[in-house]
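*Asks:* give me coordinates for this.
(2 chains)
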There are 2 protein chains.
Amino acid sequence: MKPLSPTDQLFLWLEKRQQPMHVGGLQIFSFPDDAPDDYVARLAEQLRSNTEVTAPFDRRLDSRLAQPVWVRDKHLDLEHHVRFEALPTPGRIRELLAFVSAEHSHLMDRERPLWEFHLIEGLGDRQFAVYIKVHHSLVDGISAMKIIQRMLTTAPSKRNMPPLWDVSAQPKPDEDRSGPSLWHSVGHLLEQSGKQLGTVPAVARELLRTINTGRKSPAHQSVFQAPRSILNQKITGSRRFAAQSYCLKRIKAVCKAYRTTVNDVVTAMCASALRTYLMNLDALPDKPLIAMVPVSLRKYERSDCDKAEDNQTGGNHVGVILANLYTDENHAGTRLLKIHQGIQETKDRYALMSPEEIVNYTALTLAPAAFHLLTGMAPKWQTFNVVISNVPGPQKTCYWNGARLEGIYPVSIAMDRLALNMTLTSYNDHIEFGLIGCRRTLPSVQRMLDYLEDGLAELEQGVFN
Amino acid sequence: MKPLSPTDQLFLWLEKRQQPMHVGGLQIFSFPDDAPDDYVARLAEQLRSNTEVTAPFDRRLDSRLAQPVWVRDKHLDLEHHVRFEALPTPGRIRELLAFVSAEHSHLMDRERPLWEFHLIEGLGDRQFAVYIKVHHSLVDGISAMKIIQRMLTTAPSKRNMPPLWDVSAQPKPDEDRSGPSLWHSVGHLLEQSGKQLGTVPAVARELLRTINTGRKSPAHQSVFQAPRSILNQKITGSRRFAAQSYCLKRIKAVCKAYRTTVNDVVTAMCASALRTYLMNLDALPDKPLIAMVPVSLRKYERSDCDKAEDNQTGGNHVGVILANLYTDENHAGTRLLKIHQGIQETKDRYALMSPEEIVNYTALTLAPAAFHLLTGMAPKWQTFNVVISNVPGPQKTCYWNGARLEGIYPVSIAMDRLALNMTLTSYNDHIEFGLIGCRRTLPSVQRMLDYLEDGLAELEQGVFN
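*Replies:* Numbering: from 1, shown residues only, chains lettered A, B, ... in the order given. Below you'll find the predicted structure:
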């Protein structure tokens, strides 16, 4: 028995029918060379025989004295958690994304441990997929990525790896939560405001005080400059998931030519995609869109193209930046440079600030969003329009029981007023985009994949001309 | 725009995360003889091109002046409603039932028309399946069956049938609701108590009055004789669906030998399965289980074996019977005869009653369950342990665009305190059982299929010895 932290309670409390609070990961694997055609079915058999389930996968919600706690589920039904499924003909990535879109829309059964493991056969080219779904109250994005990595190895010949849900023979999961985030900030306030989710009015009061203090300071006025857009409406319950992989080489070539960072280039790609998408819906605001982007606060270097970008977002030096996406700018190259400069200015400002000042600034940045989430009030305080976040993944080719991992895509959370989440993962020599959006508020989110590609191509054109 | 009836509102109001209020139907088809291997994929393409959607499939929920109404959905996204899916290897009925179990557990998106059509490939023996899911507020079980039948034909050569969701060229759906049922009874009370679901206290008061009147009358004391059992606990959100088809010939042979009705024999099969299931869990109550069974109130005939049983439950002469299942009786043949006699006695009593008296009796029968559903109070009033209901289906071999319908299985609703629902459909020369249960409250519901078979075999043994 273990009480839930305020942040964990928050994820349960925020969950609504149209706003599930689970995160997911989609992995695509290639069959080992010598695999028989029924390789995935055999794998399913093998997985089903692994009936040992260890923490946190054996924990279910319960309550003790009106306090939510995790308890060991004594009647764990592995068949409920480990699903063997198939894609319909013709088994392309399109069918896989449709599958994940539907599955990610479904709430999980709160009477059971809040995770599901889907082994998916029927993908073409001797490939298969794994979609893992975990409630955010059980694990956060960074920890989820760590847990997923624990089922992988860099050794192609290694077999009989323990399944995800049995990590008894493996190192303990890192209990550290990720750096500053919307959740962290709200969770922190919850902790300071009486520990209980029953104290939402107190927390909201605290948030309101933060916001009002901030509004009086000229340095913080920029926090309220985001325009309103269709990205910031109430959402419905069904999701569209779209994913795409990009060769890091392409992105680095652009970043070198423009003397920016990898993070700037992927942010510019997102900006470009959003701009085209909204223009096609005749819904592009006049004022530029603002993204919330977690970035590294290490000593800034002019060009970090040759460094592993993922290290930037790890560790404790992560700050939240409100990045102006300059979606009002027509020229792709100019847009990238402006985005770069904007992010750079915030980083420079952060360099002059003490860690405490950065924490306060981050809290202010996120307070209006948190205030809205908790109270549903004040929809006019739009401080950012979209979340663009980067979760570091493994930097070497990985294998799972001999099957090569071809890609790993994050499936995050869409929320009221944040109808789109763009999360990126770095894996090996690729950057992989996972977009999750409300299917009704944002029609045809999958088109954004084409627009991301167009955005990158436009930048490349500037390099080669 | 059309206001929801009180009964329709009831289905929305009763819906909870662990208690979805949609019904389903699973149909299994055989490929036409000349069909290519990619027949189902082509069918999917063809279905997708049918983008015309007519009432009630184009209606979504909205509200006007705090009153729930149906409005036309102007942004209908057919891809959300019509899903093409596949079973994993080896594509047996077992995988199909697992698929339906998972899908039936998921709540539907209330921002959209409340229906889904799943076309499922990957079933062996050149077969495929269709699982249709419709919210009970949009359509009831009998109407659903009628709508499903409208997409079918008895002509094997007929092609280009309009899809389920476009019935514009077809006769209007029969707006008649099914006969007395739990819902009908509660809906009726709602209507008498002020039309609005906001008046739940008034309705509950009315139900309580009904119950207390009944308790004073000696004739009605039998209503409170059901034992408490694991069938009558709070449920969780995940479901297990199990289905099985029985040749009507087998059942009729038994029913002739024992001089009972087909309905008596299937009720006895359910009794037998429940008895074995609960004994194996060491959870069989000492007192016999009581089932709620809708039955025909037409002039009783000693043996109706040679008549089409389905007509019995159609029309307006349907009454709700609390059938003693005699699960305390060891001998299968004796159990059948006792069940037959018990049902017969109620029918005889009904024959002496006026239609108004029968309606009152039915209301009393269902009132405690309704009272509990609406208020969550008084868990000790257990009037029945399980619902065993029979939905008439088509009596001739049916086809859908040349594919022969092999079976049609109902997928009903499990609820708090009614963790298992056993619904039967008659089709052609078969009786098809669909069992839906809470997967946690009732572990391994699928075992009941074996126990149903054992129950029938035991009765057959009595016939042949």
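*Asks:* in the sheet, who's paired with A:Tyr409?
*Replies:* A:Leu26 (DSSP bridges).
*Asks:* neighbours around it, how many?
*Replies:* 28 (other Cβ atoms under 10 Å in any protein chain shown). (C-beta placed from N, C-alpha, C; glycine too.)
*Asks:* doesn't A:Leu96 make contact with it?
*Replies:* No. Judged on Cβ atoms under 8 Å, A:Tyr409 makes no contact with A:Leu96 at a distance of 10.0 Å.
*Asks:* what packs against the helix or strand where A:Gln9 lies?
*Replies:* Assigned by DSSP states H and E, A:Gln9 belongs to helix A:6-14. Counting by 3 or more Cβ pairs under 8 Å, 6 or more residues apart in numbering or on different chains; DSSP states H and E, the packing neighbours recorded for helix A:6-14 are helix A:182-192.
*Asks:* which positions within whatever helix or strand comes next after the helix it packs on qualify as buried?
*Replies:* Beyond helix A:182-192 on the C-terminal side, the first helix or strand identified by DSSP H and E is helix A:200-216. For helix A:200-216, burial by neighbour count (16 or more other Cβ atoms under 10 Å in any protein chain shown) applies to A:Val200, A:Val203, A:Ala204, A:Glu206, A:Leu207, A:Leu208, A:Thr210, A:Ile211, A:Gly214.
*Asks:* repeat for stretch A:357-369
*Replies:* A:Ile358, A:Val359, A:Asn360, A:Tyr361, A:Thr362, A:Ala363, A:Leu364, A:Thr365, A:Leu366, A:Ala367, A:Pro368, A:Ala369.
*Asks:* and what of stretch A:34-41?
*Replies:* For stretch A:34-41, the neighbour count (16+ other Cβ under 10 Å) marks A:Ala35, A:Tyr39, A:Val40, A:Ala41 as buried.
*Asks:* any chance of TSV for the residues you listed, columns pLDDT and distance to chain B?
*Replies:* As requested, the buried residues of stretch A:34-41 are exported to TSV (pLDDT from 0 to 100; distance: Cβ to the nearest Cβ, whole Å):
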residue	pLDDT	distance to chain B
A:Ala35	94	14
A:Tyr39	94	10
A:Val40	96	7
A:Ala41	95	4
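*Asks:* nearest to B:Glu111 among these?
*Replies:* A:Val40 (35.1 Å; Cβ to Cβ).
*Asks:* residues contacting the host helix or strand of that closest one, please?
*Replies:* Using DSSP H and E, A:Val40 sits within helix A:39-48. Residues from elsewhere that reach helix A:39-48 (Cβ atoms under 8 Å, 6 or more residues apart in numbering or on different chains): A:31-32, A:36, A:78-79, A:82, A:84, A:117, A:119, A:121, A:128, A:163, A:401, A:403, B:88-90.
*Asks:* what residues are up against the residue of the stretch 251-400 of chain A found nearest chain B?
*Replies:* Relative to chain B, the nearest point of the stretch 251-400 of chain A is A:Leu281 (12.5 Å; Cβ to the nearest Cβ). By Cβ under 8 Å, 6+ apart, A:Leu281 lies in contact with A:Ile230, A:Pro443.
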